[in-house]
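Student: Next input, structure requested:
(chains A and B)
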Amino acid sequence: GQQLNQSPQSMFIQEGEDVSMNCTSSSIFNTWLWYKQDPGEGPVLLIALYKAGELTSNGRLTAQFGITRKDSFLNISASIPSDVGIYFCAGQLSGQAGTALIFGKGTTLSVSS
Amino acid sequence: DTGVSQNPRHKITKRGQNVTFRCDPISEHNRLYWYRQTLGQGPEFLTYFQNEAQLEKSRLLSDRFSAERPKGSFSTLEIQRTEQGDSAMYLCASSQTGTDTQYFGPGTRLTVL
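Tutor: The predicted structure follows:
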């Protein structure tokens, strides 16, 4: 099925460092979302973006909806050990009818203390 | 307000057996989605309900798969004559009309021996 291009695939960082990951698509989306998934659990919503150019923060997390509507990035500042996990971007063509999310393959984040 | 719940969390079955999973969405959410996730991949869309109506099905949903949402609240996903390739995490998400922001449950991990 269709998937987004998410990079990097994995990151190994020291506690306290900042992290940046991004997603690109050949398709335009109306909504971009970022989720975090721990092993054996479902994805947990971190940030939802609804407008091109929108920049939204959630604590140490900041995400932006690209102005072309084909990309998004997520930054994590001052990483801590509990940031470990897999981060997924997802695009959605939202409208009157519900629509499926299209996911990237994920960025696996490892944080050493 | 409770989140999305799924039961069982884990299911081990032998090839050829039938299995059924249940999803209880967030109470005021009228939309319900099923996704499947295999190792190293992002979730992939299977099917979607608005209230009790099943409005969209992915080509991934073979004839052996059936989903219902009889009263517009909880949903069930049944897999008949399971195959080893059905082994995956089955995720349910719910949302409401408007933003259609999807919140996921913890998933059901299916292992077919």
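Student: who's in contact with the closest residue to chain B within chain A?
Tutor: As assessed by CB to the nearest CB, chain B sits closest to residue A:103 within chain A, at 2.8 Å. Any C-beta I mention is one placed from the backbone N, CA and C, and that applies to glycine too. Taking CB atoms under 8 Å, 6 or more residues apart in numbering or on different chains as the contact definition, residue A:103 lies against A:3-4, A:88-90, B:41-44.
Student: can you check residue B:41 too?
Tutor: Residue B:41 neighbours (CB under 8 Å, 6+ apart): A:3, A:103, A:105-106.
Student: OK, contacts around the residue most central in space within chain B?
Tutor: Central residue of chain B (CA atoms, centre = their mean): residue B:34, 3.5 Å from the mean position. Taking CB under 8 Å, 6+ apart, we find residue B:34 in contact with B:23, B:45-48, B:67, B:75, B:77, B:90-92.
Student: quick one: low-confidence parts of the chain?
Tutor: In the absence of a named chain, chain A is used. Low-confidence segments of chain A, defined by pLDDT under 70: A:1-2, A:94-98.
Student: that answer is for a different chain, and I need it for chain B
Tutor: Checking chain B against pLDDT under 70 turns up B:1.
Student: With adjacent residues omitted, what lies nearest to the residue in it positioned nearest to chain A?
Tutor: Going by CB to the nearest CB, chain A is nearest to residue B:42 of chain B, at 2.8 Å. Of all residues not flanking residue B:42 in the chain, residue A:103 sits nearest, at 2.8 Å (CB to CB, 6 or more residues apart in numbering or on different chains).
Student: Residue B:52 versus the residue of chain B positioned farthest from its centre, what's the distance?
Tutor: What lies farthest from the middle of chain B is residue B:98; by CA atoms, centre = their mean that is 21.7 Å. Using CB to CB, to the nearest Å, one gets 19 Å for the distance from residue B:98 to residue B:52.
Student: next one: residue B:17
Tutor: From residue B:17 to residue B:52 the distance is 28 Å (CB to CB).
Student: next one: residue B:110
Tutor: Taking CB to CB, one finds residue B:110 at 25 Å from residue B:52.
Student: Who has more neighbours out of those two?
Tutor: residue B:110 (21 against 14; other CB atoms under 10 Å in any protein chain shown).
Student: wait, doesn't that one sit right on residue B:20?
Tutor: No. Taking contacts as CB atoms under 8 Å, residue B:110 lies outside contact range of residue B:20: 10.9 Å.
Student: what is in contact with those two at once?
Tutor: By CB under 8 Å, 6+ apart, the residues touching both residue B:110 and residue B:20 are residue B:79.
Student: quick revisit: surely the residue of chain B closest to chain A meets residue A:91?
Tutor: No. Using CB under 8 Å, residue B:42 is not in contact with residue A:91; the gap is 10.9 Å.
Student: neighbour-wise, which of the two wins?
Tutor: Under the criterion of other CB under 10 Å, the comparison of residue B:42 against residue A:91 puts residue A:91 first, with 29 against 24.
Student: Ignoring the adjacent residues along the chain, who's closest to the more buried one?
Tutor: residue A:29 (3.6 Å).
Student: give the contact list for the one you found.
Tutor: Shown in contact with residue A:29 (CB under 8 Å, 6+ apart): A:69-70, A:91-93, A:102.
Student: which among those end up buried?
Tutor: A:69-70, A:91-92, A:102 (16 or more other CB atoms under 10 Å in any protein chain shown).
Student: and residue A:89, bridged to which residues?
Tutor: residue A:34 (DSSP bridges).
Student: now residue 92, nearest residue through space, not along the chain?
Tutor: Let's take chain A. Per CB to CB, 6+ apart, closest to residue A:92 is residue A:31, 4.2 Å.
Student: The intended chain is chain B.
Tutor: residue B:23 (3.4 Å).
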